[in-house]
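> This is a predicted model, with the sequence first.
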Protein chains: 2
Amino acid sequence: MKSTLKRKTGISPTASRIAQASLQLFNQQGERNVTTNHIARHLAMSTGNLYYHFSSKEDIIQALYQSYGDRMAWLLTEADARRHSLEELVVVLDAVLQHQWDYRFLLQSSASLFPFNAQLRASYQKFDVEQIAVGIESLFLKLREDGLFEGSVATIRMLAVHFHLLQAAWIAHPVRAGQSAATEQVVEDGRRQLLAFLRPHIAPAWQAAFERVASAPACLPALLALSGRLAGSERATLCC
Amino acid sequence: MKSTLKRKTGISPTASRIAQASLQLFNQQGERNVTTNHIARHLAMSTGNLYYHFSSKEDIIQALYQSYGDRMAWLLTEADARRHSLEELVVVLDAVLQHQWDYRFLLQSSASLFPFNAQLRASYQKFDVEQIAVGIESLFLKLREDGLFEGSVATIRMLAVHFHLLQAAWIAHPVRAGQSAATEQVVEDGRRQLLAFLRPHIAPAWQAAFERVASAPACLPALLALSGRLAGSERATLCC
């Protein structure tokens, strides 16, 4: 409980370092294969020190889940703010895929972690179902009102559900999960797949613009800026 | 290696009983929470006896994966044989969803098991990617030639990939996985979702027939027969 309290009042630099190292090890080696001992050893830290910051491995996963979720929620509000430009919407989509790839162990492990951990299941229910699924549905219904999608409200609602499932399935796809594909390739593949999935629902008036955006390569500088990965000096070079 | 050899020459009744009990416990309690000790205790069997039949828990999972895969491959050939009747195709779809629900722990756990188990990852690659994905694509391309689907070959190929991902995602969806929903509801939901997903790709000439089939309730007797769950005497009452 100690660390939950700590997180509420702001995560300490050491806790943040532990969380980042755990994320890297979970992604690389599979969350199942990584214990708190491995994490401590990787950081040249005593296990006791690690346990001062997190009460268990599950507690670390919970913290990572929280930061994953916070950023996903932020990206959804970005998508909503940029929804009048297809180009900008696709940049957000790339950023979402990049973010999911960065936290891929969560998408791979969560189903097997749930029967094991009621707190994580509850967070997932609250976050993924009540917040993200609702957010995607709301965005899609607005895009329908804006004239981008055509179809009944019921059809667009179902489109949102499928988009949500496919987006996670694409990144978490078990064979892909076992690969160490270059991120750019994963983002490009995911974007191409998801746009192909949306294509039959694009209203005729938007189809030409949609095809232009769908065939353009990922705008890496814009994506990196949105991912918060560019240093200040690099931001000036943004051009897509 | 002993048990692999045994399986090749036919699984023994005791090994089959162990596999069935494991499947039930993995589905109910989460595969992570179930050890070989739990399985042996559940069967009132010594752990030594269990290890005579399977060298490890992973070995049991491998055997379950094999029986899951064999039946999925069989259902795909059934779908191909029945592809000239929408009604029968949907019965096969229901049977596939039922089968995935029966082995749901595999769909939930496999991504987290893969970094852990190279043999299971190799089976998955061989079976799910080389066999099932290829089978679905081949079926969808035939349905396109039959006139059911409209769209380019490239579009229908991508439709097959998305169908494959969604079908697994729907059953493995983590929140659903934590529920103990009645099977009928899972099958109905999955069928409704997957048909809605296919709807925009149905050729105009087939749309009326498609809507009739999509709005009909699951034909439980036909489904049970295909699932091999009806005793001989009950098969006579088949009527849908």
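Everything's here; your move. Numbering: from 1, shown residues only, chains lettered A, B, ... in the order given.
> Spatially central residue for chain A, please.
Within chain A, one residue has its C-alpha closest to the average C-alpha position: by CA atoms, centre = their mean, that is A:Gln100, at 3.2 Å.
> What does A:Ser16 show for phi and psi?
Comment: the main-chain dihedrals of A:Ser16 come out as phi -70, psi -40, following degrees, to the nearest 10.
> can you count the residues close to it?
15 (other CB atoms under 10 Å in any protein chain shown). Any C-beta I mention is one placed from the backbone N, CA and C, and that applies to glycine too.
> Enumerate every residue touching it.
For A:Ser16, no residue counts as a contact, taking CB atoms under 8 Å, 6 or more residues apart in numbering or on different chains as the criterion.
> measure it to B:Ala169 for me?
When distances are taken as CB to CB, to the nearest Å, A:Ser16 and B:Ala169 turn out to be 32 Å apart.
> re the thing from before, the residue nearest to the centre of chain A against A:Leu107, yeah?
Yes. Contact criterion CB atoms under 8 Å: A:Gln100 and A:Leu107 qualify, at 6.1 Å.
> thinking again about what came up before, the helix or strand where the residue nearest to the centre of chain A lies packs against which elements?
Element membership for A:Gln100, per DSSP states H and E: helix A:86-102. In terms of contacts (3 or more CB pairs under 8 Å, 6 or more residues apart in numbering or on different chains; DSSP states H and E), helix A:86-102 is packed against helix A:57-81, helix A:153-172, helix A:183-198, helix A:207-215, helix A:220-226.
> got the buried residues for the second one?
Burial within helix A:153-172, assessed by neighbour count using 16 or more other CB atoms under 10 Å in any protein chain shown, is assigned to A:155-172.
> For it, name the packing helices and strands.
Looks like helix A:153-172 contacts helix A:86-102, helix A:104-113, helix A:134-145, helix A:183-198, helix B:153-172, helix B:183-198 (3+ CB pairs under 8 Å, 6+ apart).
> Of all the helices and strands packed on helix A:86-102, which one comes closest to A:Lys126?
Proximity to A:Lys126 (CB to CB) singles out helix A:57-81 among these, at 8.9 Å.
> Tell me the buried residues in the closest one?
Applying a neighbour-count criterion of 16+ other CB under 10 Å, the buried positions in helix A:57-81 are A:57, A:59-69, A:71-72, A:75-76, A:78-79.
> same thing with stretch A:99-115?
Counting neighbours by 16+ other CB under 10 Å, one finds that the buried residues in stretch A:99-115 are A:99-115.
> And that stretch, how far out from the chain middle?
For stretch A:99-115, the distance from its own C-alpha centre to the chain's C-alpha centre is 10 Å (CA atoms, centre = their mean, to the nearest Å).
> What average pLDDT does it get?
Across stretch A:99-115, the average pLDDT comes to 83.
> gap between stretch A:204-223 and the chain center?
Between the centre of stretch A:204-223 and the centre of its host chain there is 21 Å, according to CA atoms, centre = their mean.
> is it anywhere near chain B?
No. Where contact is defined by CB under 8 Å from any CB of the partner chain, no part of stretch A:204-223 touches chain B; the two come within 12.3 Å at best.
> which one of the helices and strands packed on helix A:86-102 lies closest to B:Arg144?
Closest among these, using CB to CB: helix A:183-198, at 15.7 Å.
> helices or strands next to the closest one in the packing?
Taking 3+ CB pairs under 8 Å, 6+ apart as contact, the helices and strands that helix A:183-198 lies on are helix A:86-102, helix A:153-172, helix A:207-215, helix B:153-172.
> now these as CSV including distance to B:Asn33?
CSV is the format used below for the helices and strands packed on helix A:183-198 (distance: least, CB to CB, whole Å):
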stretch, distance to B:Asn33
helix A:86-102, 27
helix A:153-172, 21
helix A:207-215, 44
helix B:153-172, 17
